[in-house]
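A.B. asks: Need a 3D model of the sequence below.
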Amino acid sequence: MELSEFSTNELVNELAKREGVRTLSAEPYQLYSITAGGKEIKDDGPAVILIIED
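C.D. replies: Numbers count the residues shown, from 1 in each chain. Okay, here's the model as predicted:
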């Protein structure tokens, strides 16, 4: 089975289970911002944010 055949939700759920991955969630309408490498993203949820440190 090709990775492209999996839904985004299935891929995120699998990655979230792995060592070296932290998961943050923003609830609907909850504001969040991410700043890294001189770039900033501001938005509102719902969102799942994966930090992959592997």
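
A.B. asks: and the residue most central in space within the chain, what element?
C.D. replies: Nearest to the mean C-alpha position of the chain, by C-alpha atoms, centre = their mean, lies Ile49 at 2.5 Å. Secondary structure from DSSP states H and E places Ile49 in strand 47-52.

A.B. asks: picking up where we left off before, leaving out chain neighbours, which residue sits closest to the residue nearest to the centre of the chain?
C.D. replies: Using C-beta to C-beta, 6 or more residues apart in numbering and skipping residues adjacent in sequence, the residue nearest Ile49 is Leu24, 4.3 Å away. Glycine gets a C-beta too; all of them are placed from N, C-alpha and C.

A.B. asks: Poorly predicted segments of the protein, please.
C.D. replies: Within the chain, no stretch has pLDDT under 70.

A.B. asks: helix, strand or coil for Leu11?
C.D. replies: helix (DSSP: H, G, I helix; E, B strand; the rest coil).

A.B. asks: and Glu19, that's in a strand?
C.D. replies: No: Glu19 is assigned coil when assessed by three-state DSSP, not a strand.

A.B. asks: Give me the distance between it and Glu10.
C.D. replies: Per C-beta to C-beta, to the nearest Å, Glu19 is found 19 Å from Glu10.
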